[in-house]
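Asks: need coordinates for the below:
(chains A, B and C)
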Amino acid sequence: MTTAPPTAAPLPSGATLLEVRAVSKQFGARQVLKTLSLEIAAGEFLTLLGESGSGKTTLLRLIAGFEQPTAGEIWMRGTRLDILPPYKRPVNTVFQQYALFPHLNVSENIAYGLRASNTPKNEIAARVNDALDMVRMQEFAAADPARLSGGQQQRVALARALVNRPELLLLDEPLSALDANLRKEMQFELKSLQREVGIAFLFVTHDQEEAMALSDRIALLRDGALEQVASPREIYARPATAYNAQFIGQTNLLRAIIREGVADCGSFQFPYAGKDASALFSLRPEAITLAEDTPQPADPVRFSATIRQQIYSGATELLELETTTGAFLRARIASRKPLSGSHDFVFSVRDAIAVRE
Amino acid sequence: MYSRAYRFLVALPPILWVSLFLLLPYLLMFAHSFWTVHDGLIIHHWNLSNYATLFQNPLYVQVLFRTVRMAAAVTILSVLLGYPLAYFLSFRAGPRKELLYQLVIVPLWISYLVRGYAWKTILGSDGVLNGFLQYLHITHGPVSALLYSPFAVVLMLTHIYTPFVFLPIYASLEHIPRPLIEASQDLGASPRQTFFRVILPLSIPGLLAGATFAFVLSLGDFLAPLLVGGPSGTMIANLVQSLFGAAYDWPLGAAISVFILIVTLALLAITQRIEMRWSKRWSLE
Amino acid sequence: MNSATANSKPRSPVLAAYATIVFAFIYLPIIVLVVYSFNRDGVGGFPPRHFTFDWYRQLFADSAIWDSVLNSLIVAAGAVALSLTLGLLAALALDRADFPGKALFRRLVLLPLILPGIITGLSLLLFAVRLNLELSLITILLGHGTALISVATTEIFAGLQKMDRRQEEASLDLGATPWRTFWLVTLPNLKLSLIAAGLLIFTLSMDEIAVTFFLYGREYTLPLEIWGRLRRGITPEINAISTLILVASIILITVWYHLRTRSLRS
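Replies: All right, here's what the predicted structure looks like:
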């Protein structure tokens, strides 16, 4: 990979860095990526989120150069990327299992890309040092990668990629090999590293909590197509489809018939401006509260339900409710003493989001 | 879980057998190397005269050097043939990899004698190669220098040992995790750089193993020279053979054998040490 | 390497051509051998004309050859029995027991495979002479069996490592003695390894010449018989027997390979 020529000025934050234009990918008879387009802005933390098989890793590899698109093009800063081999793209990757070179020590691993581009020796030494500082691995400079812990290896992999000053860093589920606590810690580190370095990160994961914690924007992939590309708050509050609503966080899916400005869900109705049709609504559990709790939500919709289960989880608890018409809903409320029997519940109309199938 | 009786019963027979039928014979050979022969009888007078003969008698020294040169030639040629083949199969062969691998393995199990005989029929004055060359009018008479020469021996042994050298190299190439190759390219190394900086270093253990194997077995080979070597292609093991045969000097033959044995073990130990140190620097799992 | 486009499978025509040449080098002599076994004018000269089965006819009438084949089969069968038994015990010992000299034992047992055959052959000869043993098929059998122990040990050891220990534990837990457990649980699990090892040892024994060279008496094995004739001159009859050996080896080794892959995969 050749670093961007020194004369190229860094793009202002928000300017488009990478364009995926109508790219699709087929492996034999299998269509892994249906035609999709995506833009990555300079300096942003964009996450490709999806289940296994959704095509997120394939998309990453297309951008890295390890696969060729069946159709479509990839552009970066006015240069066409998809016809270039991986070693000529100003893009670097942090691999899922780090892929550290076992026959080189930590410093030699980090210096690898610089050596490949014939950087002068003293510059290599200086930049390797900076990279070690950046990931706080200075004392491991001469260490054998095989002796490092998972978290340490990951930091070396990061340093090895970042030392080349790529414009875009690709991260292929880099945290999935770590245990839960370490993972949370590394999430913080990654996020602050990205802010500090200021380059765009394209992050692949199947963990929606991770995606929400880290990203500026999330690109949700399903079966090789983009379901929604938006900020975490946006996706959570206004999921475009039922799948998105269920994949990110938990939700209640309400089927309703809209007639003359009213959405009828059977157990309750609420005003909804829309064509007469059948529709699907997403209602987050935390949007439902007990009618007796204050403050009351705006534009309240009230209904009655029996508490079937109360699942305690510390600060909040999840109630499984059965409505008078036999529908099941989940509500998340602040923890209190055990409840039972029938109660009145309420939610705001604004929290019922219409979603596509 | 296993009682001491069980373990004892299980371990004893093989240990006894191996001590009796392997250790003892080798030790016996070792002992013979220090004895001498006199008037057709072996004298158990312990000395180093046999070893002195080996290193001082010009005939033996000459043959020894020739043998080492030939073994080196076989090794180098086998690697030059075997490594690119292994690389091709491992990295470029795609879906046919498994089939091609089997094709390389099969000749390994075809009788040594059969393959040696094949070369004999090909290289002779009336052989196939000469016939072929004359048929194409490239030569007008039989080229007799092909057979019964060190060249023929090296050719035959290279033919035999190339698959042997291929195997461990292929294994170590296959063992290289493919993400390492991708990482190298991702970091900007061209395919050529990737080969020299990642693939080759990581394949050294297999390379060393194969090369040592080929060298050591060529060094001690006596059949190839008998088949295709002629008087000019005699190797050190042939001297041993005749010393145990017509020339009747078992102690001297034993000494040369022990020498081959020690060289073999030393080489194996050295390469094993190098391999261990090389791969101790990393674990590829 | 074409660097203008990024391919996941780069084309390397030079390398492919080179690989083809190496393959040709490996196979051509063998193909020549087989082809000339059908050549009426014998070995040599080019091109071969006049296809014939005569050499094979001659071969089948040659009783000396078939006697030697029988001898080889006897030796090989004996070597298989010997090596498998000792190899099985050795593998079990290496897997489960700690005894002094374990490392030495492992190295010692491997020696016949890594040393040039002449050394092992001569050592055994010296030993036989010391014991006043007459050289015969028995000495050849003992030589092969001993030399090939480590072939059996390696295969069976691999099979043992792969085996699920808990089956044995379950057997003991259910009340079976170690002896019973061995026969009813351990051995069946090693079936594939044993067969694979047996096949390999059989093939190696049938083909063995270097060690056999120093241990033979009045009866010849097949390689010895062929060797004797080679010293006297070339006849295409040898091409014929070689071709048959080739076919048999290929069959045996293919079976072995598939068994091995199956045993490693299961």
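Asks: and A:Gly72, backbone torsions?
Replies: Phi and psi for A:Gly72, reported as degrees, to the nearest 10, are phi 100, psi 180.
Asks: gap between it and B:Gln185?
Replies: As judged by Cβ to Cβ, to the nearest Å, A:Gly72 and B:Gln185 stand 22 Å apart. Where you see a C-beta, it was placed from the backbone N, CA and C, and this is true even at glycine.
Asks: got it, and B:Phe213?
Replies: 33 Å.
Asks: and C:Leu126, by the same measure?
Replies: On the measure of Cβ to Cβ, C:Leu126 and B:Gln185 end up 58 Å apart.
Asks: for A:Val135, same thing?
Replies: Applying Cβ to Cβ, the value for A:Val135 to B:Gln185 is 22 Å.
Asks: neighbour count winner among these two?
Replies: B:Gln185 (26 against 21; other Cβ atoms under 10 Å in any protein chain shown).
Asks: for the more buried one, which non-adjacent residue is closest in space?
Replies: Spatial nearest neighbour of B:Gln185, excluding adjacent residues (Cβ to Cβ, 6 or more residues apart in numbering or on different chains): A:Pro86 at 4.3 Å.
Asks: what's the answer for B:Phe88, then?
Replies: Once flanking residues are discounted, B:Phe88 sits nearest to C:Ala19: 4.1 Å by Cβ to Cβ, 6+ apart.
Asks: can you show me the helices along the stretch 1-150 of chain A?
Replies: A:56-64, A:106-116, A:121-134, A:150-162 (DSSP state H, counting those that start in this stretch).
Asks: now the stretch 51-200 of chain C
Replies: In the stretch 51-200 of chain C, the segments counted as helices under DSSP H, counting those that start in this stretch are C:54-61, C:63-96, C:102-114, C:117-130, C:137-147, C:149-162, C:165-173, C:178-181, C:187-189, C:191-207.
Asks: nearest approach to A:Gln26 belongs to which of those?
Replies: A:Gln26 lies closest, by Cβ to Cβ, to one member of those: helix C:149-162, at 38.2 Å.
Asks: for the closest one, packing partners?
Replies: Contacts defined by 3 or more Cβ pairs under 8 Å, 6 or more residues apart in numbering or on different chains; DSSP states H and E place helix C:149-162 against helix B:4-18, helix C:63-96, helix C:102-114, helix C:191-207, helix C:236-265.
Asks: care to break the chain down by domain?
Replies: Answering for chain A, as no chain was given. Domain ranges of chain A: A:16-239, A:250-351, per automatic domain parsing.
Asks: can you look at chain C instead?
Replies: In terms of domains, chain C is parsed into C:10-52, C:62-265 (source: automatic domain parsing).
Asks: and those domains, which is most packed in?
Replies: Among the domains of chain C, domain C:62-265 has the highest mean neighbour count (mean count of other Cβ atoms under 10 Å in any protein chain shown), at a mean of 19.
Asks: how much distance is there from that one to the middle of the chain?
Replies: The chain centre lies 7 Å from the centre of domain C:62-265; the measure is Cα atoms, centre = their mean, to the nearest Å.
Asks: that older thread, CSV for the helices of the stretch 51-200 of chain C, including distance to B:Ala145?
Replies: Shown next, in CSV, are the helices of the stretch 51-200 of chain C (distance: least, Cβ to Cβ, whole Å):
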stretch, distance to B:Ala145
helix C:54-61, 29
helix C:63-96, 33
helix C:102-114, 34
helix C:117-130, 28
helix C:137-147, 37
helix C:149-162, 40
helix C:165-173, 62
helix C:178-181, 66
helix C:187-189, 58
helix C:191-207, 30
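Asks: among those, single out whichever gets nearest to B:Arg192.
Replies: Nearest of those to B:Arg192, taken as Cβ to Cβ: helix C:102-114 at 35.4 Å.
Asks: do that closest one and chain B meet at all?
Replies: Yes. Helix C:102-114 is in contact with chain B by Cβ under 8 Å from any Cβ of the partner chain, via C:105, C:108-109, C:111-112, C:114.
Asks: of those residues, which is the nearest to chain A?
Replies: C:Ile114 (26.6 Å; Cβ to the nearest Cβ).
Asks: quick check, pLDDT for B:Tyr248.
Replies: What the model reports for B:Tyr248 is a pLDDT of 81.
Asks: you'd agree it is in a helix?
Replies: No. The assignment for B:Tyr248, made by DSSP: H, G, I helix; E, B strand; the rest coil, is coil rather than a helix.
Asks: gap between it and C:Leu59?
Replies: B:Tyr248 sits 37 Å away from C:Leu59, taking Cβ to Cβ as the criterion.
Asks: the two - which one has more neighbours?
Replies: Neighbour tally, B:Tyr248 and C:Leu59, criterion other Cβ under 10 Å: the higher count belongs to C:Leu59, 21 against 13.
Asks: show me where the stretch 151-300 of chain A has its helices.
Replies: Counting by DSSP H, counting those that start in this stretch, one finds helices in the stretch 151-300 of chain A at the ranges A:180-197, A:208-214, A:232-237, A:242-247.
Asks: these: which one's closest to B:Ile76?
Replies: Here helix A:180-197 is closest among these (Cβ to Cβ), at 49.4 Å.
Asks: what does that closest one rub up against?
Replies: By Cβ atoms under 8 Å, 6 or more residues apart in numbering or on different chains, the residues outside helix A:180-197 that reach it are A:45, A:134-135, A:150-151, A:154-155, A:158, A:162, A:171, A:174-175, A:178, A:201, A:203, A:210, A:213-214.
Asks: within range of chain A, give me the residues from the stretch 151-285 of chain B.
Replies: Counting by Cβ under 8 Å from any Cβ, the stretch 151-285 of chain B sits next to chain A at B:177, B:179-180, B:182-190, B:193, B:197-198, B:201-202, B:278, B:281-284.
Asks: tell me the SS of whichever residue of the stretch 1-150 of chain B sits closest to chain A?
Replies: Of all residues in the stretch 1-150 of chain B, B:Pro95 sits closest to chain A, at 11.4 Å by Cβ to the nearest Cβ. Applying three-state DSSP to B:Pro95 yields a three-state assignment of helix.
Asks: let me know how buried residue 37 is, in neighbour terms.
Replies: Defaulting to chain A. 12.
Asks: ah, I was thinking of chain B
Replies: Neighbour count of B:Val37, defined by other Cβ under 10 Å: 17.
Asks: quick check, pLDDT for residue 145.
Replies: Went with chain A since none was named. For A:Pro145, the pLDDT comes out at 92.
Asks: sorry, I should have been clearer: chain B.
Replies: Looking at B:Ala145, the pLDDT reads 75.
Asks: check contacts around it.
Replies: Applying Cβ under 8 Å, 6+ apart, one finds that B:Ala145 lies in contact with B:Phe151.
Asks: pretty sure it belongs to a helix, no?
Replies: No. Applying three-state DSSP, one finds B:Ala145 to be coil, outside a helix.
Asks: roughly how far does it sit from C:Thr177?
Replies: Distance, B:Ala145 to C:Thr177, using Cβ to Cβ: 70 Å.
Asks: what's the answer for B:Ser184, then?
Replies: Note on B:Ser184: its distance to C:Thr177, by Cβ to Cβ, is 57 Å.
Asks: repeat for C:Arg166
Replies: Taking Cβ to Cβ, one finds C:Arg166 at 18 Å from C:Thr177.
Asks: run a quick neighbour tally on residue 62.
Replies: No chain in the question, so chain A it is. 24.
Asks: try chain B instead
Replies: By other Cβ under 10 Å, neighbour count at B:Gln62 equals 11.
Asks: and it, how far from A:Phe203?
Replies: Here B:Gln62 is placed at a distance of 70 Å from A:Phe203 (Cβ to Cβ).
Asks: ok, A:Arg147 next?
Replies: Counting by Cβ to Cβ, the gap from A:Arg147 to A:Phe203 is 27 Å.
Asks: alright, I will stop here.
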